[in-house]
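Engineer: Sharing a model prediction with you, sequence too.
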Amino acid sequence: MKDDAEQRVKTNLTLTAIAEAEKIEATDEDIDKELEKMSKQFNISVEDIKNTLGNTDIIKMMFVSKKLSIY
């Protein structure tokens with residue numbers, strides 16, 4: 001379990017460094033589109049998604065990760 005946690009942290013730090021170096025970021029428009037997509041996918045309101053996640057930082061990280069996987 002500790003090894004898995006360490007690997008996730010290393011991966012996250014690496015992706016963050018690449019995103020910063022390549023200036024890959026999620027705009028407010030990107031976040032709104034992603035929330036709408038999730039809302040339709042899970043058949044729940046955007047507000048419910050926001051309340052569940054607490055803030056949009058998680059969405060930003062997910063979106064940047066998607067951009068990096070395409071990149």
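Structural biologist: The structure has been received and is ready for your questions.
Engineer: can we go C-alpha only for contacts and neighbour counts from here?
Structural biologist: Fine.
Engineer: Distance from the helix or strand containing residue 9 to the middle of the chain?
Structural biologist: For residue 9, the enclosing helix or strand under DSSP states H and E is helix 2-21. Relative to the chain's own centre, helix 2-21 is displaced by 13 Å; criterion: Cα atoms, centre = their mean, to the nearest Å.
Engineer: Only the buried residues of the next helix or strand after that helix, if you could.
Structural biologist: Following helix 2-21 in sequence order, the next helix or strand is helix 28-42 (DSSP H and E). Within helix 28-42, the residues that count as buried by 16 or more other Cα atoms under 10 Å are 31, 34-35, 39.
Engineer: can you list contacts of helix 28-42?
Structural biologist: Helix 28-42 has contacts (Cα atoms under 8 Å, 6 or more residues apart in numbering) with 45-46, 49, 56, 59-60, 63.
Engineer: still on that earlier bit, so which elements touch the helix holding residue 9?
Structural biologist: For helix 2-21, the packing partners by 3 or more Cα pairs under 8 Å, 6 or more residues apart in numbering; DSSP states H and E come out as helix 57-70.
Engineer: Quick one: list the elements packing against the helix it packs on.
Structural biologist: If you count contacts as 3+ Cα pairs under 8 Å, 6+ apart, helix 57-70 packs onto helix 2-21, helix 28-42.
Engineer: Check those for me: which has the lowest mean pLDDT.
Structural biologist: Note on the helices and strands packed on helix 57-70: helix 2-21 shows the lowest mean pLDDT, a mean of 84.
Engineer: follow-up on the earlier one: dump the helices and strands packed on helix 57-70 into JSON lines; add distance to residue 67 as well.
Structural biologist: Formatted as JSON lines, the helices and strands packed on helix 57-70 follow (distance: least, Cα to Cα, whole Å):
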{"stretch": "helix 2-21", "distance to residue 67": "9"}
{"stretch": "helix 28-42", "distance to residue 67": "11"}
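Engineer: closest one to residue 68 among the ones you listed?
Structural biologist: Smallest distance to residue 68 across the helices and strands packed on helix 57-70 (Cα to Cα): 7.2 Å, for helix 2-21.
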